[in-house]
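1. predicted structure and sequence below. I'll ask about it afterward.
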Amino acid sequence: MTPAGLVVTPLVLVSVLGALVVAAISFSDRIEIVSPGALLIAAILLYAAALLFLGRSGIAVVHALKARAVIDPMTRLPNRHALHEDIERLSLGGDEVALAIIDLDSFKQVNDHYGHDLGDKLIEACAQMMREVCGSEARCYRLGGDEFAAVMSGKVAGTILEGICRTLLERMGAPLDVSGYLISVGASIGLSRSLPGERLPSSEMLRRSDVAMYQSKRGGKMRCTWFNESFDRRRERVRAIEDEIRSSIATGEFNLAYQPLVDADDGHIVAVEALLRWDRGTRPPLGPNVFIPVAEDSGLINPLGLWVLRQAVCDALRWDGITLSVNISAAQLRNPEFPIKLGEVLEETGFPPHRLELEVTETCLVLDPVIAERTLDVIRSFGVRIALDDFGTGYASIGFLRRFRFEKLKLDRSLVELAGVDDASRAMMLSSIALARALDMGVTAEGVETQEQADLVRLAGCDQIQGWLYYRALPAATIDQLIADQNATRSSANDQAA
């Protein structure tokens, strides 16, 4: 019902009801009216009072509904509808109009850890901070969830708004006291502008600011980014890759290669790592460092990762006694269906869980540690092992390693390379291995390409070595032959010893 209807409808009902009462009294034989004129005057006065009461009530309701249409009820900030109206109004003038989209970086983790009630209080605290920082120069808004906005106009509106945003980031760099809890929550900000000679509709300004905001997140968060036309070209390229990934999953263009890991003492193959490859035919090649992030952002990593897991365990069933390592992404860890699908694959294929090792990176765990810990606990309950990949490039601490209880630590190739030429890196590698030993973890050195590096990591205490010095990534059929040759050599050695 329209606001006008909310006022008019009650008045019509009162009018009809009043007319029916008067008609009933006038035509009734049982009701005697001393003075018809008095009855008429009383009816008119009653009707006028009802009109006044209902009219004022209806107008109050309309005003309340209008306020709710443009005001966020939690923070009392203007909402998305009000932002569109303000941008269109400011665009009628002759000044630059600047818009900032502000998205909190760690709000989901706050809700997961502290609960939604405290999350709401954090939103209110951030809204108050925005009011203080924006002051009278810019108007701030809450668009929904953990997303805010600020807009202003003027000859140098963009420059001033960027300064306001940087001040806001500085304020958010310190923990906020929310109901006695000190909570750290950063923000990623995207900015766009509409110039007098190149006016943009409000929807386009929001889109551009939103695109720039996501660039801030990809660039490391806690930063401001202005929209650039190249962002749209990149988005178009990413969308094209996404479409190609979707069709390639259906047509079977993806395949797996396997890089062996050898025992540090005798050089025998003890494990293989499954590596995803994309056969693009005549199209330009794309490495996993390009298409995997696209698959993660689009959600295609879930069907693609499931295919990798199923194909890898089917291949590894032939390699008796060899451990299979499969990489899993942050998106897979956040997917509550992943452990269920993993269990189904193990059950359907009959692959021994103790021979499967899932590799995760530090970044995967830091992004959402609560969810990651729960998922890894479920995976371990199947008997599957967890390895921390690329150690030495991220944020891992002793507390971090103890919390997640990895079965293996894989030293990143950069640490191995530098350990051979830099004393500080060598000390870091040695301390990392000692720490792993103290926490009862195995240690693998990645990226070993020279005999000097192999001798160094072996003497340092690594259990396994992976790198081009021994093997590159190979097709499954080649692994078949390598394992067969290795088994034949061992059998022959055993026969001679007997």
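-> Noted; the coordinates are in hand.

2. and the strands in the stretch 51-200 of the chain?
-> 96-104, 139-144, 147-154, 176-178, 181-183, 187-194 (DSSP state E, counting those that start in this stretch).

3. where does the prediction get shaky in the stretch 51-200 of the chain?
-> Low-confidence segments of the stretch 51-200 of the chain (pLDDT under 70): 51-68.

4. number of nearby residues for residue 243?
-> For residue 243, the neighbour count with other Cβ atoms under 10 Å is 11. Just so you know, the C-beta spots here come from the backbone N, C-alpha and C atoms, and that holds for glycine as well.

5. over to residue 434?
-> The burial count for residue 434: 13, using other Cβ under 10 Å.

6. that one: helix or strand, and which one exactly?
-> In the assignment (DSSP states H and E), residue 434 maps to helix 423-438.

7. quick one: average confidence on that helix?
-> Averaged across helix 423-438, pLDDT comes to 90.

8. list the buried residues of that helix.
-> 425-426, 428-429, 432-433, 435-436 (16 or more other Cβ atoms under 10 Å).

9. now do the same contact list for residue 83.
-> When contacts are counted by Cβ atoms under 8 Å, 6 or more residues apart in numbering, residue 83 touches 141, 143, 149, 151, 202, 206.

10. distance of the last one relative to residue 166?
-> From residue 206 across to residue 166, the span is 21 Å (Cβ to Cβ, to the nearest Å).

11. so for these two, which sits in the more crowded spot?
-> Comparing residue 206 with residue 166 by neighbour count (other Cβ under 10 Å), the higher total belongs to residue 206, at 21 against 14.

12. Three-state assignment for that one, please.
-> Here residue 206 takes the helix state, with states given by DSSP: H, G, I helix; E, B strand; the rest coil.

13. okay, it: pLDDT?
-> pLDDT, residue 206: 96.

14. so it touches residue 88, yeah?
-> No: assessed by Cβ atoms under 8 Å, residue 206 is found out of contact with residue 88, at 11.8 Å.

15. can you give me the neighbour number for residue 120?
-> Using other Cβ under 10 Å, residue 120 is surrounded by 14 other residues.

16. that one and residue 183: what is the separation?
-> Taken as Cβ to Cβ, the span from residue 120 to residue 183 is 13 Å.

17. repeat for residue 200
-> From residue 200 over to residue 183 (counting by Cβ to Cβ), the distance is 36 Å.

18. who's the spatially closest residue to residue 224 that is not a sequence neighbour bridged to?
-> Nearest in space to residue 224, with sequence neighbours left out and distances taken as Cβ to Cβ, 6 or more residues apart in numbering, is residue 189 at 4.5 Å. Using DSSP bridges, the bridge partners assigned to residue 189 are residue 102, residue 224.

19. wait, residue 189 sits on residue 216?
-> Yes: counting by Cβ under 8 Å, residue 189 touches residue 216, with 5.9 Å between them.

20. quick check: neighbours shared by the two?
-> Residues touching both residue 189 and residue 216 (Cβ under 8 Å, 6+ apart) are 223-225.

21. those into CSV, with extra columns for distance to residue 363, pLDDT and neighbour count?
-> As requested, the shared contacts of residue 189 and residue 216 are exported to CSV (distance: Cβ to Cβ, whole Å; pLDDT from 0 to 100; neighbours: other Cβ atoms under 10 Å):
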residue, distance to residue 363, pLDDT, neighbour count
223, 18, 94, 17
224, 23, 95, 22
225, 20, 95, 20
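
22. can you tell me which of those residues is nearest residue 454?
-> In terms of Cβ to Cβ, no member of the shared contacts of residue 189 and residue 216 lies closer to residue 454 than residue 223, at 41.2 Å.

23. tell me who's in contact with the closest one.
-> For residue 223, the contacting residues are 169, 188-189, 216, by Cβ under 8 Å, 6+ apart.

24. and what of residue 91?
-> By Cβ under 8 Å, 6+ apart, the residues touching residue 91 are 97, 194, 199-200, 202.

25. ranking these by neighbours, who comes first?
-> residue 97 (28 neighbours).

26. was I right to think that one contacts residue 155?
-> No: in this structure, residue 97 is not within contact of residue 155 by Cβ under 8 Å, at 11.3 Å.

27. quick revisit: what residues are up against the residue nearest to residue 224?
-> 100-103, 165, 168-169, 213, 216, 223-225.

28. at 6 Å what do you get?
-> 100, 102, 165, 216, 224 (Cβ atoms under 6 Å, 6 or more residues apart in numbering).

29. and residue 298, by the same measure?
-> Going by Cβ under 6 Å, 6+ apart, residue 298 touches residue 242.

30. kindly report the same for residue 98.
-> Under the criterion of Cβ under 6 Å, 6+ apart, the neighbours of residue 98 are 152, 157-158, 161, 193.

31. so what's it bridging to?
-> Beta-bridge partners for residue 98, by DSSP bridges, are residue 152, residue 193.

32. on that earlier part again, list just the nearest of the contacts of residue 223 to residue 177.
-> Closest to residue 177, out of all of those and judged by Cβ to Cβ, is residue 169, at 18.5 Å.

33. separation between residue 93 and residue 151?
-> Counting by Cβ to Cβ - residue 93 and residue 151 are separated by 13 Å.

34. between those two, who's got more neighbours?
-> Set residue 93 next to residue 151 and count neighbours by other Cβ under 10 Å: residue 151 wins out with 24 against 11.

35. nearest spatial neighbour of the more buried one, chain-adjacent residues omitted?
-> Sequence neighbours aside, residue 99 is the residue nearest to residue 151 in space, at 5.0 Å (criterion: Cβ to Cβ, 6+ apart).

36. is it true that the one you found touches residue 209?
-> Yes: taking contacts as Cβ atoms under 6 Å, residue 99 lies within contact range of residue 209: 5.1 Å.
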